[in-house]
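# just need the structure, nothing else, for what follows:
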Amino acid sequence: MKLIATNNTSIDIQIEHLDGYVLPANASNVDLLSIGSGYSLEDIYETPLISLLNVTGEISLIFEGKYRIESDATIGEFLKDPLSYNYKSELINNNYYTPVFYIKNEGTASGTLEKTEYYKNYVDSQNKGDLIIEVTESYNIDQSDSSVFNSAKKCISRTKTWKLVDVSGAVDHVKVKTKTKLYNTRRKQHIEGIRRRTNIEEQLIDNVALAGILSGVFVSESDAFEKLVALQMSHNDALQVWIASGRGEIYSEIANDTVNTWLSSVVADNPATNTMCPWIIGMSFKDYIVSKLKAEIR
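Coordinates of the predicted model:
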């Protein structure tokens with residue numbers, strides 16, 4: 001947060017947030033006055049030079065935010081690091097930033113939350129409004145046992161990074177805040193594993209429905225929904241074991257399923273599938289589902 005003092009004479013003063021600096025008693029032709037976060041606007045006005053200029057009407061103080069979030073935070077008259085703002089409770093006029101989530105869809109960390117973007121004035125995916133905050137997450141997955149499928153591997157830690165968007169719309173990758181969470185108990189690893197596999201299941205449903213419709217295997221979205229529900233119900237016990245652990249009989253059950261006959265159909269190679277889901281082309285649905293449950297494919 002920056003305060004700029006401007007006037008019509010020869011003095012142009014900038015007051016910028018930097019800890020550990022004492023306000024000087026006077027200022028010369030272009031002075032940078034740095035103050036700690038405990039100072040308020042009244043403190044600034046009470047300094048001799050600024051007080052004099054204020055009384056004579058020769059100076060005015062305005063907030064100039066470097067970051068978009070600064071115009072919405074109820075920090076009052078205190079200068080505070082914008083990375084420390086609580087953007088869920090310290091916003092003026094009941095402003096609300098809409099989160100848009102991005103789930104990692106391939107690799108060892110499949111199913112983890114990869115990034116969250118927070119938008120102001122969000123309408124829909126085509127009209128997102130203004131990006132305010134970007135939060136990225138990096139997961140450290142246990143790679144010690146190569147025989148364990150990706151979806152069953154344990155999460156060791158997660159590093160979360162907050163990045164602000166400046167007034168020009170650019171994400172600041174230099175001034176960031178990071179925090180690391182350790183999954184150092186069986187319970188923490190179990191809960192995170194369930195969250196990951198639930199996300200993988202949702203990705204699988206979306207991809208199979210899309211590929212099935214584009215290949216002509218499903219005649220409509222409702223047809224895809226009915227067939228996928230029937231598949232889930234016929235393998236529910238094994239599916240629940242997989243969600244809880246990433247292990248079990250679900251892989252062999254899907255591979256040997258002869259009841260849900262559409263599983264043997266192959267994803268067509270056509271302009272639509274090439275555009276929307278090229279990674280599934282040429283695979284049977286059962287092969288894709290097994291690979292996706294193992295988190296070996298997008």
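
# which pLDDT value goes with the spatially most central residue of the chain?
Geometric centre of the chain, nearest residue: T116, 1.2 Å, by C-alpha atoms, centre = their mean. On the pLDDT scale, T116 is placed at 98.

# so what's it up against?
99-102, 134-135, 137 (C-beta atoms under 8 Å, 6 or more residues apart in numbering). No exception for glycine: its C-beta is placed from N, CA and C like everyone else's.

# would TSV of these with distance to P278 be doable?
Output for those, formatted as TSV (distance: C-beta to C-beta, whole Å):
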residue	distance to P278
P99	29
V100	24
F101	24
Y102	20
E134	28
V135	30
E137	27
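
# in strands, which of the residues you listed fall?
Among the contacts of T116, the ones falling in strands (DSSP state E) are 99-102, 134-135, 137.

# any weak-confidence spans in this protein?
1-65, 74-80, 93-94 (pLDDT under 70).

# could you redo the last one with a cut-off of 50?
1-2, 7-12, 16-39, 75-78 (pLDDT under 50).

# which ones are touching E192?
Counting by C-beta under 8 Å, 6+ apart, E192 has contacts 155, 183.

# measure it to S89 for me?
26 Å (C-beta to C-beta, to the nearest Å).

# could you do I194 as well?
With C-beta to C-beta as the criterion, I194 and S89 are 29 Å apart.

# compare those two (neighbour count), which wins?
I194 (15 against 7; other C-beta atoms under 10 Å).

# mind checking the SS state of that one?
Classification of I194 using DSSP: H, G, I helix; E, B strand; the rest coil returns helix.

# distance check, it against P82.
35 Å.

# with I200 instead?
From I200 to P82 the distance is 35 Å (C-beta to C-beta).

# which one of the two is surrounded by more residues?
Ranked by neighbour count (other C-beta under 10 Å), I200 and P82 place I200 first, with 25 against 21.

# shouldn't the more buried one be within a strand?
No: counting by three-state DSSP, I200 is not found in a strand; it is helix.

# and this protein, what are its domain boundaries?
According to automatic domain parsing, the chain is divided into the following domains: 2-64, 93-184, 195-293.

# possible to save the ones you listed as CSV with distance to E70?
As requested, the domains of the chain are exported to CSV (distance: least, C-beta to C-beta, whole Å):
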stretch, distance to E70
domain 2-64, 7
domain 93-184, 9
domain 195-293, 33
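
# quick one: contacts of the strand or helix carrying A230?
Assigned by DSSP states H and E, A230 belongs to helix 221-234. By C-beta under 8 Å, 6+ apart, the residues outside helix 221-234 that reach it are 205, 208-209, 212-213, 218, 239, 257, 259-260, 262-263.

# swap the cut-off to 10 Å and go again
201, 204-206, 208-213, 217-218, 220, 239, 253-254, 257, 259-263, 285-286, 289 (C-beta atoms under 10 Å, 6 or more residues apart in numbering).

# just the buried residues of those.
By neighbour count, with 16 or more other C-beta atoms under 10 Å, those hold 201, 204-205, 208-213, 217-218, 239, 253-254, 257, 260, 262-263, 285-286, 289 as buried.

# ok, back up a step: what about the residue nearest to the centre of the chain, which SS state?
Going by three-state DSSP: T116 is strand.

# for it, give the beta-bridge partners.
Beta bridges link T116 to F101, V135 when assigned by DSSP bridges.

# for it, give its distance to L228.
Taken as C-beta to C-beta, the span from T116 to L228 is 27 Å.

# R247 and M283, how far apart?
23 Å.

# ugh, wrong one, P82
48 Å.

# try V290
10 Å.

# also K120?
Counting by C-beta to C-beta, the gap from K120 to M283 is 42 Å.

# V219 touches W262, doesn't it?
No: at 11.1 Å, V219 and W262 do not qualify as touching, with contact defined as C-beta atoms under 10 Å.

# what is in contact with the two at once?
In contact with both V219 and W262: G212, using C-beta under 10 Å, 6+ apart.
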